[in-house]
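>>> Any chance you could fold what I've pasted below:
(2 chains)
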Amino acid sequence: AQSVTQLGSHVSVSEGALVLLRCNYSSSVPPYLFWYVQYPNQGLQLLLKYTSAATLVKGINGFEAEFKKSETSFHLTKPSAHMRDAAEYFCAVTEGDYGGSQGNLIFGKGTKLSVKP
Amino acid sequence: DTEVTQTPKHLVMGMTNKKSLKCEQHMGHRAMYWYKQKAKKPPELMFVYSYEKLSINESVPSRFSPECPNSSLLNLHLHALQPEDSALYLCASSQDRGGNTEAFFGQGTRLTVV
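Here you go, the predicted model:
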């Protein structure tokens, strides 16, 4: 079964600094991986997704993530943090293309990003 | 239109009340989902509808009753809830249930059971 592990429940950076949010996956089949962002009292918004087309995936709001099979990782980065990036970030994997649970999102526990002025 | 609309945004209900949460999308998506999210936790899948048929019920108590009247609408009927059911309830939709299709989420309904 697929799963994702997010390292660090809380990450704090200064405005303008590099953002790095870590996600490692476990999957017996090629995974589909996603990063979602959740602002306070809001739903989830897709930042980017990996579906095997390219290992470096660019998303919205200046975020990108690199799929590294050898490291089973899909870390999220942004070169320069903005105050508006403060939110909860979830890494997720879907349960493949077949079977009763196909397409179901499995979320990591989330990482709260704080941005200091 | 890439929105999933949920109503109401906030709901306070007593343990003997009956209420319903509503979700609507007009993207032509054929898969719709209900998630429950407790504070500081990730969303947990409750129900999945595919082509208006219930595909998955993740062992959710019967006091939660989903309904999919048509391909654009998804309801969650609530009855005799407990205080521990207080949470953010999120609706989502996707084009289909393929593993690589992205899910679009609504803003959620913040439910408080008193």
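>>> helix or strand right after the helix or strand bottoming out on mean pLDDT in chain A?
In chain A, no helix or strand scores lower on mean pLDDT, DSSP states H and E than strand A:105-107, which sits at a mean of 90. Counting by DSSP states H and E, the element after strand A:105-107 in chain order, helix or strand, is strand A:111-116.
>>> Three-state assignment for the residue positioned nearest the centre of chain B, please.
The centroid of chain B falls nearest to B:W34 when counting by C-alpha atoms, centre = their mean (2.9 Å). When classified by DSSP: H, G, I helix; E, B strand; the rest coil, B:W34 comes out as strand.
>>> Provide the partner residues of it in its beta bridges.
When assigned by DSSP bridges, B:W34 has beta-bridge partners B:F47, B:C91.
>>> where along chain A do the strands fall?
A:3-7, A:10-14, A:19-26, A:33-38, A:44-50, A:56-58, A:64-68, A:73-78, A:87-94, A:105-107, A:111-116 (DSSP state E).
>>> tell me which parts of chain B are close to chain A?
Residues of chain B found near chain A (C-beta under 8 Å from any C-beta of the partner chain) are B:4, B:6, B:31, B:40-43, B:45, B:48, B:55-56, B:88, B:90, B:92, B:94, B:96-108, B:110. Just so you know, the C-beta spots here come from the backbone N, C-alpha and C atoms, and that holds for glycine as well.
>>> Can you add mean neighbour count and give the strands of chain A back as CSV?
Listed next are those as CSV, based on neighbours: other C-beta atoms under 10 Å in any protein chain shown:
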stretch, mean neighbour count
strand A:3-7, 17
strand A:10-14, 14
strand A:19-26, 19
strand A:33-38, 24
strand A:44-50, 21
strand A:56-58, 14
strand A:64-68, 18
strand A:73-78, 21
strand A:87-94, 24
strand A:105-107, 23
strand A:111-116, 17
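>>> mind putting these in JSON lines, distance to B:N17 included?
What follows is those, written out as JSON lines (distance: least, C-beta to C-beta, whole Å):
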{"stretch": "strand A:3-7", "distance to B:N17": "37"}
{"stretch": "strand A:10-14", "distance to B:N17": "37"}
{"stretch": "strand A:19-26", "distance to B:N17": "40"}
{"stretch": "strand A:33-38", "distance to B:N17": "28"}
{"stretch": "strand A:44-50", "distance to B:N17": "28"}
{"stretch": "strand A:56-58", "distance to B:N17": "45"}
{"stretch": "strand A:64-68", "distance to B:N17": "43"}
{"stretch": "strand A:73-78", "distance to B:N17": "41"}
{"stretch": "strand A:87-94", "distance to B:N17": "30"}
{"stretch": "strand A:105-107", "distance to B:N17": "30"}
{"stretch": "strand A:111-116", "distance to B:N17": "33"}
